[in-house]
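A.B. asks: Quick one, what's the 3D model for this:
(2 chains)
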Amino acid sequence: MKVRVQSDDFDLAAELAGFGQAANTGATVTFTGLVRDDTGVLDCLEIEHYPGMCERAIAKIADEAAMRWALTDCLVIHRYGKLHVGEQIMMVATAGRHRVEAFEAAEYLMDYLKSRAPFWKKEISRDGTVAQWVSAKDSDEDALTRW
Amino acid sequence: MIDVVYFAWVRERIGLPSEQIETTAETVMDLVNELKAREERYDLAFADLESLRVAVDQELVDFDAPLAGVREVAFFPPMTGG
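C.D. replies: Coordinates of the predicted model:
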């Protein structure tokens, strides 16, 4: 079980090289979140975070997932700072005995990270004139009710 | 003495990332009311509590949470991780 909060980019292949090595692992699932531009004018996201609480909150969510789906391994990396369009924001990897456990645990992690991990995103436009906070969606909060 | 920390637009509205506050507030809500009474920028930042979240000692809590023994209180908008 590993949680990292960092400004540096990560190498997905390197992160997965030693992941889910337990003999009872039958499935691994990985998810990577990228900075997306829907408007054609986005330059970057500035991701603010709460040092300390981020690690604690994510570890709590990961522990819960590990217990609930009897995961054999779990990794969460979340970046902060200025991230440009196309850059990796975060990743989760889950390893379990079967694919259902690994997929469900990954979705659970993503749903909870969205509204319970203390990060805030600000969108900065290419010409620098627009800087606005991304607001939380009701649908993100609603997504938690399915768990 | 309590460390009070602000993030995202709450930090921008108050104009500070953190400050130390001498207070006798018994709950988070008491502290919010104390701050609102101080200056307009606090009143603006705390105008709509529905759009705010609070953590004490890095755990999410409700606004009626007690402050006894608490070292750090953080105010911020709903989180947008992932």
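A.B. asks: Report the separation between the residue in chain B sticking out farthest from the centre and chain A.
C.D. replies: Each residue of chain B has a distance to the centre, and by C-alpha atoms, centre = their mean the biggest one is for B:Gly82: 23.6 Å. Look at B:Gly82 and chain A: by C-beta to the nearest C-beta, to the nearest Å, they are 4 Å apart. Any C-beta I mention is one placed from the backbone N, CA and C, and that applies to glycine too.
A.B. asks: Correct me if wrong: that residue contacts A:Lys114.
C.D. replies: Yes: if you go by C-beta atoms under 8 Å, B:Gly82 and A:Lys114 touch, sitting 4.1 Å apart.
A.B. asks: now for the biggest helix by length in chain A, which elements pack on it?
C.D. replies: The longest helix of chain A (DSSP state H) is helix A:99-116. The helices and strands touching helix A:99-116, judged by 3 or more C-beta pairs under 8 Å, 6 or more residues apart in numbering or on different chains; DSSP states H and E, are strand A:27-34, helix A:53-68, strand A:73-79, strand A:88-96, helix A:138-142.
A.B. asks: Run the angle between that helix and strand A:88-96 for me.
C.D. replies: Per axes from the mean of the first three to the mean of the last three C-alpha atoms, to 10 degrees, the angle that helix A:99-116 makes with strand A:88-96 is 140 degrees.
A.B. asks: roughly how far out does whichever helix or strand comes after helix A:99-116 sit from the chain middle?
C.D. replies: Going down the chain from helix A:99-116, the next helix or strand is strand A:119-125, by DSSP states H and E. Centre-to-centre, strand A:119-125 and its host chain are 16 Å apart (C-alpha atoms, centre = their mean, to the nearest Å).
A.B. asks: ok, now stretch B:12-19?
C.D. replies: Between the centre of stretch B:12-19 and the centre of its chain there are 10 Å (C-alpha atoms, centre = their mean).
A.B. asks: same question for the longest helix of chain A, mean pLDDT?
C.D. replies: For helix A:99-116, the mean pLDDT works out to 97.
A.B. asks: interface residues of chain B facing chain A?
C.D. replies: Applying C-beta under 8 Å from any C-beta of the partner chain, one finds that chain B approaches chain A through B:5, B:7-9, B:55, B:58-60, B:74, B:76-82.
A.B. asks: If you rank those by neighbours, which is first?
C.D. replies: B:Gly81 (27 neighbours; other C-beta atoms under 10 Å in any protein chain shown).
A.B. asks: Help me confirm that that one is found in a helix?
C.D. replies: No: assessed with DSSP: H, G, I helix; E, B strand; the rest coil, B:Gly81 is coil; it does not lie in a helix.
A.B. asks: How confident was the prediction at it?
C.D. replies: So, for B:Gly81, pLDDT stands at 94.
A.B. asks: likewise A:Val130?
C.D. replies: On pLDDT, A:Val130 comes in at 85.
A.B. asks: Quick one: name the residues of chain A near chain B.
C.D. replies: Contact residues (C-beta under 8 Å from any C-beta) of chain A with chain B: A:33, A:48, A:50, A:52-53, A:56-57, A:78, A:89-90, A:110, A:113-122, A:133-136, A:141.
A.B. asks: List the backbone torsions phi and psi for residue 12.
C.D. replies: Assuming you mean chain A. Dihedral pair for A:Leu12: phi -50, psi -50, per degrees, to the nearest 10.
A.B. asks: that's the wrong chain, I meant chain B
C.D. replies: The phi/psi pair for B:Glu12 (degrees, to the nearest 10) reads phi -70, psi -40.
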